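>>> give me a 3D structure for the following:
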Amino acid sequence: MNKKNVAVVMGGYSDEYKVSLKSGQLIYDSLDRELYNVYKVVILKDEWYFVDDREQKVPINKADFSVDLESGFTVKFDVCFNIIHGKPGENGELQAYWDTIGQKYTGCGFYQSALTFNKKDTLAVLSKYGIPSAKSIYLRNGESVNESQIINELGLPLFVKPNQSGSSLGISKVKEASELKVALDFAFAEDDEILIESFLNGMEVSVGVVDFNGETIVLGITEIVPHKEFFDYEAKYEGASEEITPARIDDETRQKVEDIAKKAYKSLGMSGFSRSEFIIMNGTPYMLEMNTNPGFSPASILPQQAKIYGISIQDLCGNEVEKALKK
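Next comes the predicted model:
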């Protein structure tokens, strides 16, 4: 049998590249060596490189995403396993480039990546499918801001967030009118477009959805219990929150969350790993955002959900590679 060459592509241009390297390592370790030759590729702002067995870096040829080894041998990849968090692997840039050079890859296509990286546009599209979200106002940097109008419309407390998905940096909870200006500046430091949302008082859940063996399945519903007031960067990566899987919700609510998470996934034409965040308020799940390349380090939510669901990481990752090969 001819083994396929699989590049696990990790890193990225944002602060989350460190998490991506851990996610990539788990996938690299988990892929079945009987079926695949597995390689490590790291993409950073200043260099794209392949890591050989001796931890030596070899530059990637961007014309066709190949590697020229010292032996004079050129490695081409049958599939790139994309596990970059943030830019350029989660916002569509890398996928568009791979499409252009004819390189197969795992996960969703460039349009889904670009769309879901933009919170406002994702929620706008999903509202057409009847998926509820918080009331919100959208601002571009430099637009005039009417603070009292924002507070009248959304009430207090409210959330201010950068519109670009990816990291949880730049988010603030505003409780007093006097705090709004600082919160806007804080979010604009991360992105030129920001989203101001009404506060949803309820349970936050993180829902893993994946297409596995030809079927869209919900891997699990994880309840996020922040030790601080909300799930920010620190809570997400520095352990300042508790994650409970499965979430402590009744069967009827669980079914609602599963249905809406699957509907969102299918409505957007998603493929591959995804993790959506919802707030459940009075029994209704309100969508916050969807991540198309969620954390996949051993401590991350998705691998934990797979474990509880009973799908091995090897099978979960192998399924992604096989789907990509058929594209």
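
>>> need the strands for the stretch 151-300 of the chain, in chain order.
158-162, 172-174, 193-198, 203-212, 215-226, 241-244, 274-281, 284-291 (DSSP state E, counting those that start in this stretch).

>>> between these, which one is nearest to residue 307?
Minimum separation from residue 307 across the strands of the stretch 151-300 of the chain (C-beta to C-beta) falls at strand 215-226, 9.0 Å. In this view, the C-beta of every residue, glycine as well, is placed from N, C-alpha and C.

>>> rewinding a little: ok, which of the strands of the stretch 151-300 of the chain comes nearest residue 324?
strand 203-212 (11.8 Å).

>>> how much space is there between the residue nearest the centre of the chain and residue 72?
Geometric centre of the chain, nearest residue: residue 291, 2.7 Å, by C-alpha atoms, centre = their mean. Counting by C-beta to C-beta, to the nearest Å, the gap from residue 291 to residue 72 is 41 Å.

>>> Throw the strands of the stretch 151-300 of the chain into a markdown table and include distance to residue 96, thanks.
Shown next, in a markdown table, are the strands of the stretch 151-300 of the chain (distance: least, C-beta to C-beta, whole Å):
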| stretch | distance to residue 96 |
| --- | --- |
| strand 158-162 | 22 |
| strand 172-174 | 32 |
| strand 193-198 | 20 |
| strand 203-212 | 21 |
| strand 215-226 | 25 |
| strand 241-244 | 33 |
| strand 274-281 | 19 |
| strand 284-291 | 19 |
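
>>> minimum distance to residue 21: which of those has it?
Per C-beta to C-beta, nearest to residue 21 of these: strand 284-291, 17.3 Å.

>>> for the closest one, packing partners?
helix 110-116, helix 119-127, helix 251-267, strand 274-281 (3 or more C-beta pairs under 8 Å, 6 or more residues apart in numbering; DSSP states H and E).

>>> in it, which residues are buried?
Using 16 or more other C-beta atoms under 10 Å as the test for burial, strand 284-291 gives 285-291.

>>> give the closest residue to the residue nearest to the centre of the chain in space, chain neighbours not counted.
residue 275 (4.7 Å; C-beta to C-beta, 6 or more residues apart in numbering).

>>> does the one you found touch residue 288 like I think?
No: counting by C-beta atoms under 8 Å, residue 275 stays clear of residue 288, with 11.1 Å between them.

>>> which of the helices and strands packed on strand 284-291 sits closest to residue 33?
strand 274-281 (27.0 Å).

>>> can I assume residue 71 sits in a strand?
No: under the criterion used here (DSSP: H, G, I helix; E, B strand; the rest coil), residue 71 is coil, not part of a strand.

>>> that one and residue 177, how far apart?
Counting by C-beta to C-beta, the gap from residue 71 to residue 177 is 67 Å.

>>> who has more neighbours out of these two?
Of the pair residue 71 and residue 177, residue 177 is the one with more neighbours under other C-beta atoms under 10 Å, namely 12 against 6.

>>> does the more buried one touch residue 152 like I think?
No: checked against C-beta under 8 Å, the pair residue 177 and residue 152 is beyond contact range at 10.3 Å.

>>> residue contacts, residue 104?
Residues in contact with residue 104 (C-beta atoms under 8 Å, 6 or more residues apart in numbering) are 78-80, 98, 324-325, 327.

>>> again, only using 10 Å
Neighbouring residues of residue 104 by C-beta atoms under 10 Å, 6 or more residues apart in numbering: 4, 77-80, 98, 321, 323-327.

>>> select the helix or strand of this protein having the lowest average pLDDT value.
helix 233-237 (a mean of 51; mean pLDDT, DSSP states H and E).

>>> okay, whichever helix or strand residue 27 is part of in PDB with CA atoms only?
In the assignment (DSSP states H and E), residue 27 maps to helix 17-30. Only the C-alpha atoms of helix 17-30 are listed here, as PDB (Å, rounded to 0.1, in the frame of the first residue of the first chain):
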ATOM      1  CA  TYR A  17       0.700  30.100  17.700                       C
ATOM      2  CA  LYS A  18       2.000  28.600  21.000                       C
ATOM      3  CA  VAL A  19      -1.300  26.800  21.500                       C
ATOM      4  CA  SER A  20      -1.300  25.700  17.800                       C
ATOM      5  CA  LEU A  21       2.200  24.100  18.200                       C
ATOM      6  CA  LYS A  22       0.800  22.000  21.100                       C
ATOM      7  CA  SER A  23      -2.300  21.100  19.000                       C
ATOM      8  CA  GLY A  24      -0.100  20.200  16.100                       C
ATOM      9  CA  GLN A  25       2.100  18.000  18.300                       C
ATOM     10  CA  LEU A  26      -1.000  16.000  19.400                       C
ATOM     11  CA  ILE A  27      -2.100  15.500  15.900                       C
ATOM     12  CA  TYR A  28       1.400  14.600  14.700                       C
ATOM     13  CA  ASP A  29       1.700  12.000  17.500                       C
ATOM     14  CA  SER A  30      -1.800  10.600  16.900                       C
END
